[in-house]
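Q: take this sequence and fold it.
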Amino acid sequence: VLVRTRGGLSRLTFRHHPFDVIGWDGYLYPYAFNINDFEPIVKRTHAPPPVHQTFEGPNFVICSFCPRPLDFDDNAIPIPYNHHNVDSDEFMFYVGGDYTARKGSGIDIGSVSLHPAGFTHGPQPGTIEASINAVRQGHTHTTETAVMIDTFRPLHLGPAATRTEDPEYAWTWAR
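A: Below is the predicted model:
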């Protein structure tokens, strides 16, 4: 493995393949990454999306939202809060599980959503209260799997994307 350091280049030779690991916090990138191998960070209270960041590239980051224990502080709100990204467009692919924060919005397995910079989004009205009640009734884990790409330059939609847009989606935040 050739590694670039402040002092130049170093050559490392391993007895085994360096990507044959359970977890890795280094700067070598795997050839393939199975999202089921991602171990999410768990906190007492809700943490913002950067804790889910899996990869970073020029002008974008990729986050993996995977099944995990819910926030366990007695005063925690166990689902994402309403927010808007002022410096990035947020593109999310819903892979599997039950995405409780957007129940009834049309978001389901196989859906994609695009929240342009500045678009406020988060759980639908009443969802926060329902999630708190679910925790009180013993619901302790999320089951959703989703992959999110935050771009730090605006995305431009092509004709295929504009033809598949759900014009009612933006209004589901008010229902």
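Q: now the strands: where do they sit in this protein?
A: For the chain, the strands defined by DSSP state E cover 2-5, 8-11, 53-57, 60-65, 68-69, 89-96, 112-115, 141-142, 145-151.
Q: average pLDDT for the last one?
A: So that's strand 145-151. Averaging pLDDT along strand 145-151 gives 93.
Q: report the buried residues of that strand.
A: The neighbour-count check on strand 145-151 (16 or more other C-beta atoms under 10 Å) flags 145-151 as buried. For every residue, glycine as well, the C-beta is placed using N, CA and C.
Q: now distance to residue 128 too, for those residues, in a markdown table please.
A: Supplementary listing: the buried residues of strand 145-151 in a markdown table, determined by distance: C-beta to C-beta, whole Å:
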| residue | distance to residue 128 |
| --- | --- |
| 145 | 22 |
| 146 | 19 |
| 147 | 24 |
| 148 | 20 |
| 149 | 26 |
| 150 | 23 |
| 151 | 28 |
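Q: sorry, back to before: kindly reformat the strands of the chain as a markdown table containing distance to residue 82.
A: Output for these, formatted as a markdown table (distance: least, C-beta to C-beta, whole Å):
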| stretch | distance to residue 82 |
| --- | --- |
| strand 2-5 | 41 |
| strand 8-11 | 47 |
| strand 53-57 | 21 |
| strand 60-65 | 17 |
| strand 68-69 | 21 |
| strand 89-96 | 13 |
| strand 112-115 | 11 |
| strand 141-142 | 18 |
| strand 145-151 | 16 |
